[in-house]
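> Everything below, folded, please.
(one chain, ligands or ions: 1)
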Amino acid sequence: MWHSSRSETEPTSVPATEPARVRPTVLVIAATDSSGGAGLVRDVRVLGDFSIDAVCAVTAVTAQSDSRVCAVHHVPPEVIRAQIVAAFETRRVKAIKIGMLGTRATVEAIVESLPPGASIPIVLDPVLVSSSGGVLLDADGCAAMREKLFPRATLVTPNVPEVAALLGENVATRERELIEQAQSLLALGPQAVLLKGGHMSGEQAVDLLISGNNNLQRMASARLRATSRGTGCTLASAITAGLASGLALFEACQQAKRHVVEMLSRQS
Ligand code: PLP
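Below you'll find the model as predicted:
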């Protein structure tokens with residue numbers, strides 16, 4: 001039991017009758033993107049690539065084309081809570097992937113509904129704006145995410161502009177500055193930060209994984225010209241798939257980076 005007083009939406013344990021499943025299950029907490037380019041549709045597709053099942057909690061419904069965000073409907077917090085509770089009642093969740101949040105109320109609904117402790121790995125993609133420029137998390141929601149969700153996360157996966165925005169600093173142009181920003185983000189409480197270097201220049205796209213006592217690991221791949229919507233969703237979902245399958249964090253990140261490179265290579 002996760003709450004002191006019982007309510008209709010309180011989680012109960014997974015039914016003893018649940019059949020043994022071969023495929024691990026990930027809980028995806030994310031918004032829908034009507035274009036299918038990003039968000040929940042993309043997440044579930046990527047999990048399928050790794051033979052992982054999904055249960056979901058929809059945080060918002062968005063109408064988007066590749067060039068604009070047309071409308072956003074935020075799902076009421078009590079419905080978000082109920083979805084998370086129902087997900088845990090239905091399946092034994094091996095890992096959680098969190099994408100677009102939208103508002104403080106959504107962040108708080110999620111924090112209240114997550115199981116206590118650090119037993120289930122949580123990958124948090126700190127989605128702030130779409131590549132078309134639409135705001136996907138307001139300023140108050142961003143503050144709530146930093147304060148309340150970062151300390152619960154196993155891994156936070158910002159790109160270069162996101163880490164700057166999250167810290168209220170300038171966008172870094174050198175690796176030394178990037179490492180410092182990743183360290184500052186780590187100090188906000190997640191167990192690890194994967195800083196995606198796709199927005200930097202240079203022959204190679206270098207991602208930095210910082211964990212524990214500022215332990216730094218690099219992952220480099222050839223820089224590809226191709227861009228695609230939903231690249232951030234893809235990487236975070238693929239990492240979550242790896243963790244759900246029992247991979248260690250660095251191996252899960254390496255496998256996920258290979259998956260994104262393959263996806264982009266097919267388009268170039
Ligand atoms: N829309 C939704 C619902 C998302 O979850 C995300 C990213 O997670 C985006 C848009 C941003 O994707 P892109 O940068 O490809 O626009």
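> count of residues packed around the nearest residue to Val135 once chain neighbours are set aside?
Nearest non-adjacent residue to Val135, counting by Cβ to Cβ, 6 or more residues apart in numbering: Val129, 5.7 Å away. Heads up, the C-betas are built off the backbone N, CA and C, glycines and all. A count of nearby residues for Val129, using other Cβ atoms under 10 Å, gives 14.
> Tell me the residues of the protein that contact the ligand?
30-31, 33, 37-39, 62, 64, 99-100, 125, 127, 130-132, 136, 229-230, 232-233 (Cβ under 6 Å from any ligand atom).
> Helices - which of those land there?
With helices taken from DSSP state H, the overlap with the residues of the chain next to the ligand comprises 39, 232-233.
> just those now: which is nearest the ligand?
Gly39 (3.1 Å; Cβ to the nearest ligand atom).
> From what I see, the residue nearest to Val135 and Leu136 are in contact.
Yes. Using Cβ atoms under 8 Å, Val129 is in contact with Leu136, at 5.9 Å.
> Which residues are in contact with Leu247?
With contact taken as Cβ atoms under 8 Å, 6 or more residues apart in numbering, Leu247 is in contact with Gln255.
> all helices for this structure, in order.
With helices called from DSSP H, the chain shows them at 39-49, 77-90, 104-113, 139-144, 160-167, 175-186, 231-244, 249-267.
> follow-up on the earlier one: ranking by neighbours, what's the top pick from the ones in helices among the residues of the chain next to the ligand?
Busiest of those [other Cβ under 10 Å] is Gly39, holding 29 neighbours.
> Distance of that residue relative to Leu194?
Distance from Gly39 to Leu194, counting by Cβ to Cβ, to the nearest Å: 20 Å.
> Most tightly packed of the helices of the chain?
Of all the helices of the chain, helix 231-244 has the most neighbours on average by mean count of other Cβ atoms under 10 Å, namely a mean of 27.
> tell me the contacts of Thr154?
Taking Cβ under 8 Å, 6+ apart as the contact definition, Thr154 lies against 118, 121-123, 190-192, 243, 249.
> Mind doing that once more with 7 Å?
Residues near Thr154 by Cβ atoms under 7 Å, 6 or more residues apart in numbering: 121-123, 191-192.
> Are there helices or strands packed against the lengthiest strand in the chain, and which ones?
As assigned by DSSP state E, the longest strand anywhere in the chain is strand 53-64. Packing partners of strand 53-64 (3 or more Cβ pairs under 7 Å, 6 or more residues apart in numbering; DSSP states H and E): strand 25-33, helix 39-49, strand 69-74, helix 77-90.
> Output these as CSV; include the columns distance to Ala220 and mean pLDDT.
Shown next, in CSV, are the helices and strands packed on strand 53-64 (distance: least, Cβ to Cβ, whole Å; pLDDT from 0 to 100):
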stretch, distance to Ala220, mean pLDDT
strand 25-33, 27, 98
helix 39-49, 22, 97
strand 69-74, 32, 97
helix 77-90, 36, 97
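> just the buried members of the residues of the chain next to the ligand?
In terms of neighbour count (16 or more other Cβ atoms under 10 Å), the buried residues within these are 30-31, 33, 37-39, 62, 64, 99-100, 125, 127, 130, 136, 229-230, 232-233.
> Report the separation between the spatially closest residue to Gln181 that is not a sequence neighbour and the ligand.
Leaving aside its sequence neighbours, Gln181 sits nearest to Val163 (Cβ to Cβ, 6+ apart; 4.7 Å). According to Cβ to the nearest ligand atom, to the nearest Å, Val163 and the ligand sit 15 Å apart.
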